[in-house]
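Chemist: When you get a sec, could you give me coordinates for this:
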Amino acid sequence: MPKVKLPRKGSHVDMTAMCDVAFLLLTFFMLATKFKPQEPVVIRTPASTSTMPIPNDYILLSLSKDGKVFFSIDNLNVREELITEISTAKGLNLNAQQIKAFKEGGSIGVPFNKLPSYLSLTPAQRNEYDKTAPGIPTDTTDSYDTNELAYWIKTARYANAKLRIAIKADGDAKYPEIQKVIATLGHQKVFRFNFITDGKGVPPGSALAQELATPKAK
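Modeler: This next block holds a predicted model:
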């Protein structure tokens, strides 16, 4: 007798649900991604084997190789509160557009008296100006008149006392310039801060390599 051949049935998988999930994930990452603001100057940080990450809600103090200091905060709400307080205290009379420019912008590297005109520039004009910006005035005293960096730090910490501080100094920056920033923090009773460095390979067989390779107890 001839064998009975059963009709073949192709399998069908409904991918509609998978497409929906993929687009939901894509939308989530697009909305939740926080883009890194453009840095005002190119800073080549020294290398180290540190594995400690930079914490959230931090003040970033950038120091170029020619000693110019730039100030930034990653928290947008603190940025708005900070610039509003400084505008009032320093009599800058910043308008809503200038405050928005500071809130959504990157690092600041100009004295208070040039801040209104700087924030009136377009983003492209500010990026170009940053290349020759004078930097925030700082010295080794605790006077808020001559050490404007101290005033930025003090006002920011009033807005959020939990802010951590990170210093990103160029590897070619002179030590006296770095010492000015550290001394400013010391006058603010800030003795704990992070230095941002470039990661480099851990030497094989070193104590740090063994520590990183050792499983941590949970």
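
Chemist: so where is this protein shaky, pLDDT-wise?
Modeler: By pLDDT under 70, the low-scoring segments of the chain are 1-19, 23, 28-55, 140-145, 199-218.

Chemist: got the residue ranges for the helices in it?
Modeler: Ranges of helices within the chain are 16-32, 76-89, 96-104, 115-119, 123-130, 148-159, 175-187, 207-213, based on DSSP state H.

Chemist: Which one of those lies nearest to residue 64?
Modeler: helix 175-187 (9.0 Å; CB to CB). Where C-beta positions appear, they are placed from N, C-alpha and C, glycine not excepted.

Chemist: tell me which residues in the closest one are buried?
Modeler: Neighbour-count burial for helix 175-187 flags 177-178, 180-185 (criterion: 16 or more other CB atoms under 10 Å).

Chemist: now do stretch 111-125
Modeler: Of all the residues in stretch 111-125, those buried under the rule 16+ other CB under 10 Å are 112, 115-116, 118-119.

Chemist: Quick check: of these, which lies closest to residue 24?
Modeler: Set against residue 24, the nearest of the buried residues of stretch 111-125 by CB to CB is residue 119 (37.6 Å).

Chemist: Deepest-packed of the helices of the chain, please.
Modeler: helix 148-159 (a mean of 20; mean count of other CB atoms under 10 Å).

Chemist: Specify the angle between it and helix 76-89 in degrees.
Modeler: Relative orientation of helix 148-159 versus helix 76-89 (axes from the mean of the first three to the mean of the last three CA atoms, to 10 degrees): 120 degrees.

Chemist: that older thread, need the helices of the chain in CSV with distance to residue 66, can you?
Modeler: Below are the helices of the chain laid out as CSV (distance: least, CB to CB, whole Å):
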stretch, distance to residue 66
helix 16-32, 37
helix 76-89, 25
helix 96-104, 24
helix 115-119, 19
helix 123-130, 13
helix 148-159, 16
helix 175-187, 8
helix 207-213, 33
